[in-house]
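Engineer: Give me the fold of what follows.
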Amino acid sequence: MRSRPSRFFIPSLLVVTAVVVALNAWFGFRAIQSLHDSEYWVAHTWQVINQVESIMSSAKDAETGNRGYLITGDESYLEPYTVARHDLPEMLDRFKDLTSDNSNQQRRLMEMQAVLEQRLDLLEQGIELRHRNDRDTVRSMVLSGTGKVEMDHLRRISDEMENEERHLLAIRTATAEADNTNAHYIIALASALDLLFIVFLFRYFITERRMRVHAELYSERLALAHAETEAQAKEIRSLNMELERRVKLRTAELESINHELEAFSYSVSHDLRAPLRTIDGFSLALKEDYEDAVDEVGRDYIRRVRSGVQRMGQLIDALLQLSRITRTEISREQFSMSQLAESVAAWLIEENQERPITFHIEPDLSADADSRLVRAALENLFGNAVKFSSKKELTTIEFGWDKEKNAWFVRDNGAGFDMSYAGKLFSAFHRLHGDKDFRGSGIGLATVARIVHRHHGKIWADSVVDHGATFWFTLG
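Structural biologist: Predicted structure coming up:
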């Protein structure tokens, strides 16, 4: 089941949504405002153009009305002139207001006002002369061409005004179209983002609803599982009580067996040794007192009896050691493994002074184990290495720590063994070599294995016949 989001997720999501929606609204408003401003300036430009055309139209009407009056003397022709004379100041003021942000147009307006005033004054003079019937002066005034020059001047100013406004119109129309396009894009993008958030929130709330349903089902299952767990816990407590009772019973049985083993060990140590000592003593007496009374066969029999008695004594000692190791409490401590190995090696060299034995012991090694039991294990491993390399001219034994296998090792250059029999190495009384080759009890490696297992470790070996053997072990 998917994990439930943090309790801050929903408020954070709503805040982000509100911010995005607000930003979309702001960008949309700005786009529309920019479009509105652009359209306003386009309309404003058209107003200026229309105002220029209106001014020129009024000026032409005044010119036409004045000319009609001068020719005919009919005062009805003066109506367009009178209207233009009245409207032109307002039109010029309106144009001034419309172009207040344009210094070039303001300059042209001042020039236009001066020309119009001059022209209107000239028209006014013509009307006065016509009232006095001074036809010759009027005719000379008309034929002088002054009016045409002034009207051409007005048309040139008007054309300059209109050309600049049309240039601005083109720029502002392009800006308006660009703002219109941007507004469409921004509104479309904002709408898409808003729609995306709506879809996301919708999916989230559907998922939340589904998770809530799953949570309710899970709670029901959890309640059922809790009830089942309680029932199982009750059954387990009952089984634990039964197990504790059986453990106590088995412990009592084991204690009884241990007492019997101790009694057996005592019997082996005392009751069995007494007959062996008797046999050994009388066989020694036969050898010393009656050696000349028997032939060579008899003397061989006596030697075999004594050898069997001594071997039986060694077996009893090995069994007693194995029994003691089984019952000894483990007392772990930190000690120098290198010094312990050197001590065992020195003892074996002292015991076998007639043989060239070389030990290579890795220095500065330490271990956390029961030093007494580890010494017993090394005595057996080193002793086996010395025994099974006795037929070599030079005995070489190595001891150290194997970093790759993460284990201690004992390596010799002795007789080795066939790996197909490796499974029998650590069982009591299983020997891979006969007494004719190497004498022994068959208990040594079983004792080592028992010590290693009591430390919760492992022991294994590798060997090639006539090329030595290597034993690895760990101490938990």
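Engineer: Need the single longest strand in the protein, by residues.
Structural biologist: Longest strand in the chain by number of residues (criterion: DSSP state E): strand 395-402.
Engineer: got the buried residues for that strand?
Structural biologist: With burial defined by 16 or more other Cβ atoms under 10 Å, the residues of strand 395-402 counted as buried are 395-400. C-beta: built from backbone N, CA, C; applies to glycine.
Engineer: again, but for stretch 337-355
Structural biologist: Buried residues in stretch 337-355 (16+ other Cβ under 10 Å): 337-338, 340-341, 344-345, 348-349.
Engineer: Send me it as PDB with only the CA atoms.
Structural biologist: Output of stretch 337-355 as PDB, limited to C-alpha atoms (Å, rounded to 0.1, in the frame of the first residue of the first chain):
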ATOM      1  CA  MET A 337      47.500 -15.700  20.400                       C
ATOM      2  CA  SER A 338      51.000 -15.300  19.100                       C
ATOM      3  CA  GLN A 339      52.500 -15.800  22.600                       C
ATOM      4  CA  LEU A 340      50.300 -18.800  23.400                       C
ATOM      5  CA  ALA A 341      51.300 -20.400  20.100                       C
ATOM      6  CA  GLU A 342      55.000 -19.800  20.700                       C
ATOM      7  CA  SER A 343      54.600 -21.300  24.200                       C
ATOM      8  CA  VAL A 344      53.100 -24.500  22.700                       C
ATOM      9  CA  ALA A 345      55.700 -24.600  20.000                       C
ATOM     10  CA  ALA A 346      58.500 -24.300  22.500                       C
ATOM     11  CA  TRP A 347      57.100 -27.200  24.600                       C
ATOM     12  CA  LEU A 348      56.900 -29.400  21.500                       C
ATOM     13  CA  ILE A 349      60.400 -28.500  20.400                       C
ATOM     14  CA  GLU A 350      61.600 -29.400  23.900                       C
ATOM     15  CA  GLU A 351      59.700 -32.800  23.700                       C
ATOM     16  CA  ASN A 352      61.200 -33.600  20.300                       C
ATOM     17  CA  GLN A 353      64.800 -32.400  20.600                       C
ATOM     18  CA  GLU A 354      66.100 -35.200  18.300                       C
ATOM     19  CA  ARG A 355      64.100 -33.800  15.400                       C
END
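Engineer: gap between that stretch and the chain center?
Structural biologist: Here stretch 337-355 is found 56 Å from its chain centre; the criterion is Cα atoms, centre = their mean, to the nearest Å.
Engineer: Let me know the average pLDDT across that stretch.
Structural biologist: Per-residue pLDDT values across stretch 337-355 average out to 91.
Engineer: Repeat that for stretch 154-166.
Structural biologist: The predicted model gives stretch 154-166 an average pLDDT of 83.
Engineer: Show residues contacting that stretch.
Structural biologist: Surrounding stretch 154-166, the residues in contact under the criterion Cβ atoms under 8 Å, 6 or more residues apart in numbering are 45, 48-49, 52-53, 55-56, 59, 102, 104-105, 108-109, 111-112, 115-116, 119.
Engineer: which of the residues in that stretch are buried?
Structural biologist: When neighbours are counted by 16+ other Cβ under 10 Å, the buried residues of stretch 154-166 are found to be 154, 157-158, 160-162, 164-165.
Engineer: Can you give me the end-to-end span of stretch 281-297?
Structural biologist: Looking at stretch 281-297, the gap from its leading to its trailing residue is 20 Å under the measure Cα to Cα, to the nearest Å.
Engineer: How many residues are close by residue 275?
Structural biologist: Residues near residue 275, counting by other Cβ atoms under 10 Å, number 11.
Engineer: Could you say which helix or strand holds it?
Structural biologist: Take DSSP states H and E as the rule and residue 275 turns out to sit in helix 273-289.
Engineer: Residue 386 now?
Structural biologist: Per DSSP H and E: helix 371-388 holds residue 386.
Engineer: Kindly report the same for residue 177.
Structural biologist: When elements are defined using DSSP H and E, residue 177 is found to belong to helix 146-266.
Engineer: Show the low-confidence segments of this structure, by residue range.
Structural biologist: Filtered on pLDDT under 70, the chain yields the residue ranges 1-11, 13-14, 134-147, 254-274, 276, 280, 282, 307-328, 421-423, 427-442.
Engineer: domain assignment for it?
Structural biologist: 9-212, 335-473 (automatic domain parsing).
Engineer: Can you say which of those domains is nearest to residue 221?
Structural biologist: Between residue 221 and the domains of the chain, the shortest gap by Cβ to Cβ is with domain 9-212, which sits at 14.9 Å.
Engineer: Send me the longest strand of the chain as CSV with only the CA atoms.
Structural biologist: Once non-C-alpha atoms are left out, strand 395-402 reads as follows in CSV (Å, rounded to 0.1, in the frame of the first residue of the first chain):
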residue,chain,number,x,y,z
THR,A,395,59.5,-30.3,9.8
THR,A,396,58.0,-26.9,9.0
ILE,A,397,54.8,-25.7,10.8
GLU,A,398,53.1,-22.4,10.1
PHE,A,399,50.5,-20.6,12.3
GLY,A,400,48.7,-17.3,11.7
TRP,A,401,45.6,-15.4,10.6
ASP,A,402,44.2,-15.9,7.1
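Engineer: Run the chain-centre distance for that strand.
Structural biologist: Computed by Cα atoms, centre = their mean, the separation of strand 395-402 from the middle of its chain amounts to 46 Å.
Engineer: And for that strand, what's in contact with it?
Structural biologist: Counting by Cβ under 8 Å, 6+ apart, strand 395-402 makes contact with 341, 345, 355-362, 365, 378, 382, 385-386, 389, 407-414, 472, all of which sit outside it.
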